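*Asks:* need coordinates for the below:
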Amino acid sequence: MRAERLMIVGVISVVAGSLAFAQVGRGGSQWLTALADAQRTSWVRSDDKISVPALSKGGFELQWTSKLENQPRGAFGLGAGVTASGVTLFIPVSLVTGSSNNVFAIDNDLGYVVWERKFNLTLPAPTSGCPGGISAGATRIVRLDGTVSSLPGFGGGRGSIGYRSVVGEPGQGVPIEGRAGSAGVSAGRGRGPAPPAPPAPPQGAGARGGQPDDRIPGSPRPADGAAPMRPTQRPSGVGYVITSDGTLHVLGLPSGKDIQRPAPFLPANARWSSPIAVDTTLYAATSGGCGGAPNAVWAIDLDSESKPVVSWKTNGGPVVGAVAFAPDGTLFAAIGGGQAAANGKANAIVALDPKTLRLKDWFTQPAAEFVTGPTILRHGDKDIVAAATKDGRIILLDAKSPGGADHATPLYASKTWLGPGATVSADAVATWRQQPASGGGTTWILLPVAGSLATGAPSPNGAIQEGAVIALKLADTGGAFSMEPGWVSHNLSAAATPITVNGVVFALATGLPAASSGRGTPAVLHAYDGATGRRLWSSDNAMTTSASPGSLWSGTGQVYVGARDGTLYTFGFDDERRATTPQ
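*Replies:* You can find the predicted model right below:
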């Protein structure tokens, strides 16, 4: 008995050592959903690679590119990726969608395509408003408090269980993930050398036919590889992807296989916002009338085998951007301009119950035509909902009572920051909080704009003609809010929603796609000290084509940009694995 216990301890030590080794040279921060978290802040709070002092020293550069086989549809190409550390014990990966019904898993260190999944579905001809195909990135399960699990490759919402136990069920041995293809899944393309094949799993370790087994230990083995799991075994080592036919796929991160039976979710050929999975439910919003889908918020129960779907229809304006969540679980959605029917909503921010999608509260004003989705920030003892309007104002609402008793009174409405003819250039603002060691702190709101700025906006980084990111400081004097510009980026062509990683603001000029009237302009990524606006780094001419909308993300100490032509650009510092791998 003692010998058996020692052997078990030894196995746990080996696997734990493998998990620790997986983090050598690569930070543990993960990007689990579009715009980073449930509050859609686009903020990675800490990272052990990226920081203002680190970028000030140099060495941050283009690490690799990988050309992914995907045909763009309209403006859409590659979606925002999601990251996972140590999915196969040693390899951190990004899960990236392509507009033409493609999904790729990329080795974050080398740019190697671990696997790719192509869904052979009939697609309608794209139009400017309805491009068809996959219109948003993947998601993983996120927590309402914005944190991620400290275990590599795992993590999920409240009450989730581990995707794989460290030691398998009795008689199953130690689970060891492989790296190989399966039906509908291919592996091993991309720039950079293919890593050596891992050893074959020991007998009973859960491998089937030489392929990775993504089942949770102890769950029934599906006859067709895609049977529903028991509700108590909700996975967290998976990615959730919606295909153009409106079907939700639960893909195992090590292999790309469906580990649950695909479930109908949205109308076919709809255009949907970035999905997000919180606790036991996955959400998305449809707009534009594509595929006959109404302007609506949708939710699907991930724990139920029958995967029931509920929805809330605006009966008015389109849902703008992605839905966001307050820490208490309330769902917020921005509704754009339109003609509202009875009990419908337009020019509004609505608060919905996260399970039933019942309307709980709302803010609306006829002049408040929202063009970004909500972003939720914590300031003092308040959770504040922030969104931008078409005329360039930022409106702040109390998450506990948006709009007050009359549903029309905000906490604060800023002046416009736009010059004549300018617009807000992305469907989300970003926010982060500077927290000095001495206490206190500054809340920042980052607004991406296209065109010139209003008179009086600071421009220490040169004249702004095409667009910029404006960094705004939020002040609170006795409960009275105000906002003033702190700094402005350099001139940016089609500025994307910026991301903040450990105090470093990354601002992307997405550039313009080539057209009959000209060659277009390539994307350029800039890094700024988020507190001062001092530029720390620029990608200059590293990228040769324009970026896809919404395809900027971070994770595992790197920053990624997906180009419209299918090229994935990855920037970061060289680490041990990359430096010692033969090129």
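*Asks:* chain center to stretch 67-79: distance?
*Replies:* Averaging C-alpha positions (CA atoms, centre = their mean, to the nearest Å) puts stretch 67-79 17 Å from its chain's average.
*Asks:* residues making contact with that stretch?
*Replies:* For stretch 67-79, the external contacting residues (CB atoms under 8 Å, 6 or more residues apart in numbering) are 34, 96-100, 102, 104, 113, 116, 123, 126-128, 131-138, 189-191, 274, 513, 548-551, 562-568. To be clear about C-beta, it is placed using only N, CA and C from the backbone, and glycine gets the same treatment.
*Asks:* report how far apart the opening and closing residues of it are.
*Replies:* Taking CA to CA, to the nearest Å, stretch 67-79 runs 14 Å from one end to the other.
*Asks:* also stretch 56-75?
*Replies:* Note: stretch 56-75 ends 35 Å apart using CA to CA.
*Asks:* is it true that G550 touches S273?
*Replies:* No. G550 is not in contact with S273 according to CB atoms under 8 Å; the separation is 9.6 Å.
*Asks:* need the residues touching each of these two.
*Replies:* A136.
*Asks:* is it true that E369 touches A334?
*Replies:* No. If you go by CB under 8 Å, E369 and A334 don't touch, sitting 10.0 Å apart.
*Asks:* compare those two (neighbour count), which wins?
*Replies:* A334 (32 against 18; other CB atoms under 10 Å).
*Asks:* which of the helices or strands spans that one?
*Replies:* Under DSSP states H and E, the secondary-structure element containing A334 is strand 331-335.
*Asks:* so after that strand, what's the next helix or strand?
*Replies:* Strand 331-335 is succeeded, C-terminally, by strand 348-352 (DSSP H and E).
*Asks:* now do that following strand against strand 331-335, angle only.
*Replies:* Counting by axes from the mean of the first three to the mean of the last three CA atoms, to 10 degrees, strand 348-352 lies at 160 degrees to strand 331-335.
*Asks:* and strand 348-352, which strands flank it?
*Replies:* The pairing partners recorded for strand 348-352 under DSSP bridges are strand 331-335 (antiparallel), strand 359-364 (antiparallel).
*Asks:* contact partners of it?
*Replies:* Counting by CB under 8 Å, 6+ apart, 297, 312, 314, 316-317, 330-335, 358-364, 368, 370, 374, 385, 387, 395, 397, 399, 402-403 sit against strand 348-352.
*Asks:* need the CA coordinates for it. PDB is fine.
*Replies:* C-alpha atoms of strand 348-352 as PDB (Å, rounded to 0.1, in the frame of the first residue of the first chain):
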ATOM      1  CA  ALA A 348     -30.900  52.700 -25.100                       C
ATOM      2  CA  ILE A 349     -28.800  50.600 -22.700                       C
ATOM      3  CA  VAL A 350     -30.800  47.700 -21.400                       C
ATOM      4  CA  ALA A 351     -30.200  45.500 -18.300                       C
ATOM      5  CA  LEU A 352     -31.400  41.900 -18.700                       C
END
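*Asks:* from the chain's centre, how far out does that strand sit?
*Replies:* 22 Å.
*Asks:* hey, what's A333 bridged with?
*Replies:* V350.
*Asks:* ok, it - contacts?
*Replies:* 285, 297, 319, 323-324, 349-350, 352, 373-374.
*Asks:* hey, which strand is longest across this protein?
*Replies:* As assigned by DSSP state E, the longest strand anywhere in the chain is strand 467-477.
*Asks:* quick one: the next helix or strand after it to strand 467-477, angle?
*Replies:* The helix or strand immediately downstream of strand 467-477 is strand 480-488, counting by DSSP H and E. On the basis of the same axes, to 10 degrees, strand 480-488 is oriented at 150 degrees to strand 467-477.
*Asks:* so in that sheet, which strands flank the helix or strand that strand 480-488 is followed by, and in what orientation?
*Replies:* Downstream of strand 480-488, the next assigned helix or strand under DSSP H and E is strand 499-501. Taking DSSP bridges as the criterion, strand 499-501 forms sheet pairs with strand 43-44 (parallel), strand 504-509 (antiparallel).
*Asks:* need the contact list for E466.
*Replies:* By CB under 8 Å, 6+ apart, the neighbours of E466 are 450-451, 491-494, 509.
*Asks:* apply 7 Å and report the result again.
*Replies:* Taking CB atoms under 7 Å, 6 or more residues apart in numbering, we find E466 in contact with 450, 491-493.
*Asks:* what's the answer for A430, then?
*Replies:* 41-43, 375, 446, 497-500.
*Asks:* can you list those residues in a markdown table and add distance to A471, neighbour count and pLDDT?
*Replies:* Output for those, formatted as a markdown table (distance: CB to CB, whole Å; neighbours: other CB atoms under 10 Å; pLDDT from 0 to 100):
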| residue | distance to A471 | neighbour count | pLDDT |
| --- | --- | --- | --- |
| T41 | 14 | 27 | 97 |
| S42 | 13 | 28 | 97 |
| W43 | 13 | 27 | 97 |
| T375 | 14 | 29 | 98 |
| L446 | 6 | 28 | 98 |
| T497 | 13 | 29 | 98 |
| P498 | 9 | 28 | 98 |
| I499 | 13 | 25 | 98 |
| T500 | 10 | 26 | 98 |
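*Asks:* among those residues, which one sits closest to D574?
*Replies:* I499 (21.4 Å; CB to CB).
*Asks:* just checking, the closest one touches S554?
*Replies:* Yes. In this structure, I499 is within contact of S554 by CB atoms under 7 Å, at 5.7 Å.
*Asks:* in the stretch 151-300 of the chain, where is pLDDT below threshold?
*Replies:* 151-236 (pLDDT under 70).
*Asks:* ignore the last one, the chain
*Replies:* Using pLDDT under 70, the chain drops low at 1-28, 86-90, 148-236, 437-439, 459-460, 516-518, 576-583.
*Asks:* what's the domain layout of it?
*Replies:* 47-68+424-583, 74-313 (automatic domain parsing).
*Asks:* could those be laid out in a markdown table, adding distance to S29?
*Replies:* A markdown table is the format used below for the domains of the chain (distance: least, CB to CB, whole Å):
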| stretch | distance to S29 |
| --- | --- |
| domain 47-68+424-583 | 4 |
| domain 74-313 | 7 |
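*Asks:* give the contact list for W312.
*Replies:* 296-297, 352, 357, 359.
*Asks:* tell me the one of those nearest A428?
*Replies:* V297 (16.1 Å).
*Asks:* which residues in the stretch 401-550 of the chain form strands?
*Replies:* 412-413, 423-424, 430-434, 442-450, 467-477, 480-488, 499-501, 504-509, 524-529, 535-538, 547-555 (DSSP state E, counting those that start in this stretch).
*Asks:* dump the ones you listed to a markdown table, plus distance to L253.
*Replies:* Compiled in a markdown table, the strands of the stretch 401-550 of the chain are given as follows (distance: least, CB to CB, whole Å):
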| stretch | distance to L253 |
| --- | --- |
| strand 412-413 | 42 |
| strand 423-424 | 35 |
| strand 430-434 | 27 |
| strand 442-450 | 30 |
| strand 467-477 | 32 |
| strand 480-488 | 38 |
| strand 499-501 | 22 |
| strand 504-509 | 25 |
| strand 524-529 | 26 |
| strand 535-538 | 30 |
| strand 547-555 | 13 |
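*Asks:* what's the closest of those strands to A457?
*Replies:* Taking the strands of the stretch 401-550 of the chain one by one with CB to CB, strand 480-488 is closest: 5.4 Å.
*Asks:* who does that closest one pair up with?
*Replies:* strand 467-477 (antiparallel).
*Asks:* re earlier: buried ones among the contacts of E466?
*Replies:* Among the contacts of E466, those buried by neighbour count (16 or more other CB atoms under 10 Å) are 450, 491-493.
*Asks:* got JSON lines for those residues, with distance to R534 too?
*Replies:* Shown next, in JSON lines, are the buried ones among the contacts of E466 (distance: CB to CB, whole Å):
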{"residue": "A450", "distance to R534": "24"}
{"residue": "N491", "distance to R534": "16"}
{"residue": "L492", "distance to R534": "16"}
{"residue": "S493", "distance to R534": "21"}
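*Asks:* perfect, I'm done here.
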